[in-house]
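In: Make a model of this:
(2 chains)
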Amino acid sequence: MSSTTTAAYDDHGHGPEKGLLRWVKTTNHKDIGTLYMWFAFSMLLIGGALAMGIRAELLQPGLQLFEPQFYNQLTTMHGLIMVFGAIMPAFVGLANWLIPMMVGAPDMALPRMNNWSFWILPFAGAILLSTFFMEGGAPAFGWTFYAPLSTTFAPDSTDFFIFAVHLLGFSSIMGAINIIATVLNMKAPEMRLMDMPLFVWTWLITSFLLIGAMPVLAGAVTMMLTDRNFGTAFFDATGGGDPVMFQHIFWFFGHPEVYIMILPAFGIISHIIPTFARKPLFGYSSMVYATASIAFLSYIVWAHHMFLTGMPVAGELYFMYATMLIAVPTGVKVFNWVATMWKGSMSFETPMLWALAFVFLFTIGGFSGLMLGIAPADIQYHDTYFVVAHFHYVLVTGALWGIIAAVFYWLPKWTGKMYNEPLAKFHFWWALISVNVTFFPQHFLGLAGMPRRIPDYSLQFADFNFISSIGAFSFGLSFLLLTYIVVNCIRNGKPADARPWASAKGLEWTLATPIAYHTFDEPPTRAEILAESQHS
Amino acid sequence: MKLLFKLTGAFTALLSSKSVLAEYTLNMTKGVTDISNDIWGLHMMVFWVCVAIGVVVFGAMFYSIIAHRKSKGAKAAHFHESTTVEFLWTGIPILILIAMAIPASKTLIDIEVLDKADMTIKVTGMQWKWQYDYPEEQISFVSNLAQSSRDVIKGTPEEREAVHKEGGYLREVDKRLVVPVDTTIRFLITSNDVIHNWWVPAFGLKQDANPGFINDAWAKPNEIGTYRGQCAELCGKDHGFMPIVVDVVSKADYAAWVQLQQEEKVAEMESATQVWTEADLVARGEVVYNANCSGCHQKDGKGIPGVFPAMVGSEVTNGPAAYQLNLVINGMGGMPAFKMLSDSDLASVITYERRSFGNNGSVVQPSDVTSAR
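Out: Numbering: from 1, shown residues only, chains lettered A, B, ... in the order given. Here you go, the predicted model:
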């Protein structure tokens, strides 16, 4: 292939730099992708450890381990770290590794900015985590940080939280600009938009969501900052402000954010299912249009998080209808995946297991989402464990499942080595069972009337909380095995083929394994692009 | 399925050997207002629609997984496009959604539109209790988590079970809201500090309490009984400890209750004109403190550094009484106003704070509170 042949007479010495400084100074998309993935994984473990604390306190009624104030810090930081530290950086990491290879580009369009957008993250994460050690403790107002609990009534560490959110926002916006520039300017000249693989499409659309949503979040925290420190009253009724306005601004960011965390996973699943069904992706163009529709709708449904704030009935009706509409393009995606499997020749290697579980469990999260969208019914669901179950089904068995599926699918290409397949399958079933034991009973708790974000509960909720906690401990433990599988693959894995999945298509599989530091010095030809298309 | 739940229940009981109450429910329960039953009906309808869609989609998926597998020699087809089916599975869901939206809209309008109420109750959320005002009947009181629950939060499982049998662990209050049956009640819901949410599941009523704004909601309970709920919006440290208990009583019982409240009010006002001994003030103050103040400033008066100031050795509790009176009555920053407490209660609690915890402030009499208001 072009990359390997040119490497033979390339005398610029463009290998990776030696030593640790390589990782600080790197502008290489593969290095930066690796950095993002390890950062996201370590944040996942930290956020997971906080979740273990939450479930340990909820194992039994009564307060055994933590004071209520610290419990609120745990739930708040768990949410913030998982959303901003684990899921989002993991997807950016995947984008860094994969998008240039998928569009036949040598690197990202803006490599120095790429370095910067990664290296902001560890500092933002450290600032956020350091609040645990400050007087008054970490933020304790939930990851949605509703004013005035997050302004007048918040600990001093909130200003550090605001700064951390600003930094995370910079990083995300720069990452998004870089991806848009890469996809639109750096894709192989012979590649048309409707030739692009779905991971590229979903990330392109996600980038526009990020650019639209993150500045709104920055605005919200800036208003919080001035309310807290400079005497403004954006969210304080006594000064003419409105605490409900905070929720409008937050969810104008927050709802697109939900799709930022799931659209790239949709892309990943659309790569894996055709490979292991040995059949082209069904309805490629409808997949692209559905993704774009979801992105558009995500901007106009935000107040369905706010049905109980006292909105006028016309507003509630509108937001209910708009929300229900999202079920249509989301349904189209699920139907297309099932149609891709239909009359295929399926095999069930680890990435496929994760992808199938994604389709099943994400759809369950979609069903509870539809129920939540029905405004009158939301009166009984709102802020209960039914909501907790819903968003963990879409974010854990949705977003995280997509990321893990991607890791197993592309790990042989990244590392040049094969992971231990039987062990990985065992890990899959372990995680699958324990995640359902954790989150499925939470539906029952919510319907029985248990509110979320409480450190102690009435005794009729005891049984399902006990089961959920046991499931959570087991699910948490499964990540140690995942760590072992990945590290073992990197250190002791058997060499992998350039195309480890016989039926996989995509430009990334045309590259030699182990993968060169620089690839696609020459762009692929139209014939190569069409030969590697998953949808024709 | 039932057997499975029995098994897991038994397993749970075996492991914990503490939570043998087996009170759990799997589904939303019907309530005691028409609205709550409409909501229950919508919930069940959407649930069964989801089940039906799930059977079709997952059925196709699992059939494919079983029948179209490589290990059984399945050969892959090559079809990958069909405008017809794309139209079908865009159009059919839209029709299903419209069918769901019609009853949902009807119920929503019923919930939001109220022509005429028989009575009004104002509900004010504050960290971490509820204040109930009956403006026409001139009744006002604060409803706190019952001391019996508070005492066993860090107690043994057996103690919690004993409290639970008496009404509900964390679901009992020191003074319940009382309303008449078959009466349309308008609730005006607001907050003194952060956002709370007043939720009584059996009424199908859940509404945010926003500081500085008033939301309204209504309920017409049609069955006598006791109905429990709790705050449903994260409102700080003790969000999990602000229950709501409503007694729906007959109209005659309600009238008697109103009478009793008004008599008690007169007696309370009488007491505020007396001069109290320090011992009486401190004794009553301790009760008021534990119900209203210990959530933040802690039972031992040490507060939480960086969040809630300590009573012990504080400049406020040892300084001039006028400053503390103003602070407690009108609030300041994160400290809420306590003007809803009676003069006797305020004098008692302020004296308790100034004379206990090793403090050496002056005694405050109910008459001092009256003039400070």
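In: from here on, contacts and neighbour counts on C-alpha atoms
Out: OK.
In: hmm, stretch B:141-154 touching chain A?
Out: Yes. Residues of stretch B:141-154 contacting chain A under CA under 8 Å from any CA of the partner chain: B:V152, B:I153, B:K154.
In: which residues does the last one contact?
Out: By CA atoms under 8 Å, 6 or more residues apart in numbering or on different chains, the contact list for B:K154 reads A:G62, A:L63, A:Q64.
In: at 6 Å instead, please
Out: B:K154 makes contacts with A:G62, A:L63, as judged by CA atoms under 6 Å, 6 or more residues apart in numbering or on different chains.
In: Let me see the residues that make contact with stretch B:283-292.
Out: The contact list for stretch B:283-292 (CA under 6 Å, 6+ apart) reads B:S348, B:V349, B:Y352.
In: go again using 10 Å as the cut-off
Out: B:127-129, B:142-147, B:150, B:174, B:279, B:282, B:293-295, B:297-301, B:338, B:341, B:344-353, B:356 (CA atoms under 10 Å, 6 or more residues apart in numbering or on different chains).
In: Show only the entries of the residues you listed found in strands.
Out: Secondary structure from DSSP state E places B:K129, B:V142, B:S143 of the contacts of stretch B:283-292 in strands.
In: Reformat those as JSON lines; add pLDDT and neighbour count.
Out: Below are the ones in strands among the contacts of stretch B:283-292 laid out as JSON lines (pLDDT from 0 to 100; neighbours: other CA atoms under 10 Å in any protein chain shown):
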{"residue": "B:K129", "pLDDT": "93", "neighbour count": "22"}
{"residue": "B:V142", "pLDDT": "92", "neighbour count": "22"}
{"residue": "B:S143", "pLDDT": "95", "neighbour count": "23"}
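In: any idea which of those is closest to chain A?
Out: B:K129 (15.1 Å; CA to the nearest CA).
In: May I ask you to confirm that the closest one is in contact with B:N197?
Out: No. Here B:K129 does not reach B:N197: they are 11.3 Å apart, not a contact under CA atoms under 10 Å.
In: Overlap in contacts, the two.
Out: Common neighbours of B:K129 and B:N197 (CA under 10 Å, 6+ apart) are B:C231.
In: Tell me if A:F91 really is in a helix.
Out: Yes. Looking at A:F91 with DSSP: H, G, I helix; E, B strand; the rest coil, it is inside a helix.
In: So what's the residue count around it?
Out: 27 (other CA atoms under 10 Å in any protein chain shown).
In: just A:T483 next, same as before
Out: Neighbours of A:T483 using other CA under 10 Å come to 13.
In: Just confirm yes or no for the one helix or strand it maps to near chain B.
Out: Using DSSP states H and E, A:T483 maps to helix A:462-492. Yes. Judged by CA under 10 Å from any CA of the partner chain, helix A:462-492 comes into contact with chain B at A:A462, A:D463, A:F464, A:F466, A:I467.
In: Next to chain A, which bits of the stretch 251-373 of chain B? Give me the list.
Out: Residues of the stretch 251-373 of chain B lying near chain A (CA under 10 Å from any CA): B:I304, B:P305, B:G306, B:V307, B:F308, B:G333, B:G334, B:M335.
In: what about 7 Å?
Out: B:P305, B:G306, B:V307, B:G333, B:G334 (CA under 7 Å from any CA of the partner chain).
In: With pLDDT and secondary structure added, can I get those residues in CSV?
Out: Shown next, in CSV, are those (pLDDT from 0 to 100; DSSP: H, G, I helix; E, B strand; the rest coil):
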residue, pLDDT, secondary structure
B:P305, 80, coil
B:G306, 75, coil
B:V307, 76, coil
B:G333, 73, coil
B:G334, 73, coil
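In: A:K279: which of those residues is nearest?
Out: Minimum distance to A:K279 across these is 60.2 Å, recorded for B:V307 (CA to CA).
In: you'd agree the closest one is up against A:F153?
Out: No. At 8.6 Å, B:V307 does not count as touching A:F153 under the criterion of CA atoms under 7 Å.
In: and the residue of the stretch 101-250 of chain A found nearest chain B, how many neighbours does it have?
Out: Nearest residue of the stretch 101-250 of chain A to chain B, counting by CA to the nearest CA: A:G136, 4.3 Å away. Counted with other CA under 10 Å, residues neighbouring A:G136 total 21.
In: what secondary structure does it sit in?
Out: A:G136 - assigned by three-state DSSP - is coil.
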